[in-house]
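Trainee: give the three-dimensional model of this entry:
(chains A and B)
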Amino acid sequence: MAINVTKLEMTLQQFVANASNVQGAALVSPDGLTLASSLPGGMDEERVAAMSAAMLSLGERIGRELNRGDIARILVEGEQGYGILTSCTEEAVFLILADHNAKLGVINLEIKNVIGELRKQLLGLAQPVGL
Amino acid sequence: MNVEPLSFMEAIVRRVQLNEQDKELLKQEADWGKTIAPQMADIFYDYLGRDEEMNAILNAKEGRIHRLRETFIQWFYEMFTGIDGWGKAYADCRWKIGLVHVRTGIGPQHVVPAMAVVVTAVGQQLRRDHKPEVLSDALSKICMIDLAFIEQAYSEALLQETGWTQALFQRLIAKGAAQV
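Mentor: Residues are numbered from 1 along each chain as shown, chains lettered A, B, ... in the order given. Take a look at the predicted model:
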């Protein structure tokens, strides 16, 4: 089934527009390529994708090394907010950027909801693997 | 492991243009190479020993410098023999040497100038012994091949430790370099 990139982009844009305190989102491949994104202005899409994939790989590596099992989520918390990486499909990782007022419980629910939609668009109903 | 040593070596052999004449010449001069190997080892480790950082690495464990010196002599001789005609055994051996460099913390920034010292010293010895200049060229090519293995071993170790693919690594550093 062909992937409708426009639809993916629209889903991300709607997510960023509607989810509380979310500033940006991107769908990236494990090789660091952007599949779709809706990021704040001035943010380099390619760099974000490469960084996200790098963080994902390192997270998985650390998870294995520390016997943490499959990694569900990678969270970066800074003074300005959060960066959260969540598995989407075997070939796609979902990144969201949220401000420091974001409530993590709400954000996690929002992510769960949108990932279901993104999975359908990417692979029909692909099973999440890794991360 | 992302890199298959023999394929990697074949690619580098093409790039440095090591040809059959070079290989034949090196084999013919293998005895000469064996004779001068200890002298080259002295020059190599004398040079490295004068570098504070390298000196610390070389002497971090008792007997390391002695073992490395013996390895150097063998390595130097093998550049002339090619072990199995610069085939799989040679590639595997050079790959292992590269990994040893990674483990001991001897990086390309140490090895590259040290290799240049060896190339210069061999060239001088070659002229003293009235050997053909083409032998110097052939040896330089082999040195570059072995150097490429050491550099590649560093990349490989990084990829293994981080779980990054080669494509991701290249993308990441290319994007990073663009910001510098």
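
Trainee: contact residues of chain A facing chain B?
Mentor: Residues of chain A lying near chain B by CB under 8 Å from any CB of the partner chain: A:30-33, A:44, A:46-47, A:50-51, A:53-54, A:57-58, A:60-61. In short, each C-beta sits where N, CA and C put it, glycine included.

Trainee: quick one: the strands in the chain?
Mentor: By default, I'm working from chain A. Remark: strands assigned in chain A by DSSP state E are A:22-28, A:34-38, A:73-78, A:81-89, A:92-99.

Trainee: report the buried members of the residues of chain A next to chain B.
Mentor: By neighbour count, with 16 or more other CB atoms under 10 Å in any protein chain shown, the residues of chain A next to chain B hold A:30-33, A:46-47, A:50-51, A:53-54, A:57, A:60-61 as buried.

Trainee: average pLDDT for stretch B:154-171, rounded please.
Mentor: Mean pLDDT, stretch B:154-171: 88.

Trainee: how about it: buried residues?
Mentor: For stretch B:154-171, by 16+ other CB under 10 Å, it's B:Y154, B:S155, B:E156, B:L159, B:T162, B:G163, B:W164, B:T165, B:L168, B:F169, B:R171.

Trainee: now do B:V122: how many residues are near it, please.
Mentor: When neighbours are counted by other CB atoms under 10 Å in any protein chain shown, B:V122 registers 23.

Trainee: the one 4 residues further on now?
Mentor: Using other CB under 10 Å, the number of residues around B:L126 comes to 18.

Trainee: likewise the one 10 residues further on?
Mentor: Applying other CB under 10 Å, we find 18 other residues in the vicinity of B:S136.

Trainee: from A:M43, how far off is the closest residue to B:V112 other than its chain neighbours?
Mentor: The shortest distance from B:V112 to any non-neighbouring residue, by CB to CB, 6 or more residues apart in numbering or on different chains, is to B:L147 (6.6 Å). Look at B:L147 and A:M43: by CB to CB, to the nearest Å, they are 39 Å apart.

Trainee: of those two, who's got more company?
Mentor: Neighbour count, other CB under 10 Å: between B:L147 and A:M43, B:L147 has more, with 21 against 13.

Trainee: pLDDT at residue 75, what is it?
Mentor: Using chain A. 95.

Trainee: think we crossed wires, I meant chain B
Mentor: You'll see B:W75 listed with a pLDDT of 94.

Trainee: so how far is B:G63 from it?
Mentor: B:W75 is 18 Å from B:G63, by CB to CB.

Trainee: neighbour-wise, which of these two wins?
Mentor: B:W75 (18 against 8).

Trainee: can you pull the pLDDT of residue 115?
Mentor: Because you didn't say which chain, this covers chain A. 94.

Trainee: you looked at the wrong chain, it should be chain B
Mentor: The model's pLDDT for B:M115 equals 89.

Trainee: can you get me a residue count around it?
Mentor: B:M115 has 18 nearby residues by other CB under 10 Å.

Trainee: correct me, but it touches B:S140?
Mentor: No: taking contacts as CB atoms under 8 Å, B:M115 lies outside contact range of B:S140: 9.5 Å.

Trainee: ok, which stretches of the chain are helices?
Mentor: Because you didn't say which chain, this covers chain A. A:5-18, A:45-65, A:104-123 (DSSP state H).

Trainee: actually, chain B is the one I wanted.
Mentor: Counting by DSSP H, chain B has helices at residues B:5-16, B:20-28, B:30-49, B:52-58, B:64-85, B:88-104, B:108-128, B:133-162, B:166-179.

Trainee: format these as JSON lines; extra columns: distance to A:T6.
Mentor: Formatted as JSON lines, the helices of chain B follow (distance: least, CB to CB, whole Å):
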{"stretch": "helix B:5-16", "distance to A:T6": "41"}
{"stretch": "helix B:20-28", "distance to A:T6": "57"}
{"stretch": "helix B:30-49", "distance to A:T6": "59"}
{"stretch": "helix B:52-58", "distance to A:T6": "55"}
{"stretch": "helix B:64-85", "distance to A:T6": "56"}
{"stretch": "helix B:88-104", "distance to A:T6": "46"}
{"stretch": "helix B:108-128", "distance to A:T6": "46"}
{"stretch": "helix B:133-162", "distance to A:T6": "34"}
{"stretch": "helix B:166-179", "distance to A:T6": "24"}
